[in-house]
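> Mind looking at a prediction? Sequence and model below.
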Amino acid sequence: MRLEAGRKAPEIEGSDMFGEPVSTQDLAGRTVILKFYRFAACPICNLHVRELVRRAGELEAAGVVPVAVFHSPAHKLRKSLDGYQVPFTVIADPQKRLFRAYGVESSLGGMFTGAVARDYGRAMRAGIFSRPIGHEGGIQGHPADFLIDSEGVLRLAHYGRDYADTMGVDAVLDAVTAMPALRLS
């Protein structure tokens, strides 16, 4: 079930890709962009994570803490993201508990769109490749983005229409700018 802006965000409980616990309490008092992705080796997901890594300083300057969630086990995340020097928390959610709590959607049809083909091509040109089968947690899953204010309230819920439809850094910054109360958090 989709979540709507204005309600309290579901609790965040899990472990990061290094096995360290992560909870709502760790993020309390901060504005968070919670980003859901598919499996660790997903080329499109990795393409989007690279942008997040590259532009994390812009989000930080705007007072926004990025947190990414994948439905892969921690060891797969460490292997896949090795070398990215990820400056934010990446949560391993192989049981998809957070995915269910936030109503993240999946479909096979989300794979077959022009945007997915475009981003898959961009990933291949960037040298991001993936095995064709055997992905932990399955290949299905749309990205989703949740802007959570410093009080733990969902200010924005974006559910991707397909596997490539995630909020980029510019869209997150625009959302923060459009919500003046967030700039004070």
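Received the coordinates, thanks. Numbering: from 1, shown residues only.
> how many neighbours does the nearest residue to V86 once chain neighbours are set aside have?
Leaving aside its sequence neighbours, V86 sits nearest to V53 (C-beta to C-beta, 6 or more residues apart in numbering; 5.7 Å). In short, each C-beta sits where N, CA and C put it, glycine included. Around V53 there are 17 other residues, counting by other C-beta atoms under 10 Å.
> Would you mind measuring from the residue most central in space within the chain to S80?
Central residue of the chain (C-alpha atoms, centre = their mean): K35, 2.1 Å from the mean position. As judged by C-beta to C-beta, to the nearest Å, K35 and S80 stand 15 Å apart.
> quick one: contacts for F99?
F36, V69, H71, D93, G141 (C-beta atoms under 8 Å, 6 or more residues apart in numbering).
> before we move on, the earlier item: helix or strand: which one has the residue nearest to the centre of the chain?
strand 31-36 (DSSP states H and E).
> Can you get me a residue count around Y37?
For Y37, using other C-beta under 10 Å, the count is 26.
> What sits closest to it if chain neighbours are left out?
Using C-beta to C-beta, 6+ apart, the nearest residue to Y37 is C45, at 3.9 Å.
> Show the contacting residues for the one you found.
Contacts of C45 (C-beta under 8 Å, 6+ apart): Y37, R38, F39, F70, P143.
> Just among those, which is most surrounded?
F70 (31 neighbours).
> Please report the distance of the nearest residue to that one once chain neighbours are set aside from T177.
Excluding its sequence neighbours, the residue lying closest to F70 (C-beta to C-beta, 6+ apart) is Y37, at 5.1 Å. Y37 sits at a distance of 24 Å from T177 (criterion: C-beta to C-beta).
> Assign a three-state SS to the closest residue in space to the residue nearest to the centre of the chain that isn't next to it in sequence, would you?
Distances taken as C-beta to C-beta, 6+ apart put A68 closest to K35, at 4.9 Å, once the chain neighbours are dropped. In three-state terms, and counting by DSSP: H, G, I helix; E, B strand; the rest coil, A68 is strand.
> check contacts around A68.
Contacts of A68 by C-beta under 8 Å, 6+ apart are K35, F36, Y37, V49, L52, V86, F88, T89, V90, I91.
> residue boundaries of the strands in this structure?
Ranges of strands in the chain, per DSSP state E, are 13-16, 21-23, 31-36, 64-70, 89-92, 144-148, 154-159.
> Using TSV, lay out these together with distance to L173.
Shown next, in TSV, are the strands of the chain (distance: least, C-beta to C-beta, whole Å):
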stretch	distance to L173
strand 13-16	24
strand 21-23	24
strand 31-36	10
strand 64-70	8
strand 89-92	19
strand 144-148	11
strand 154-159	12
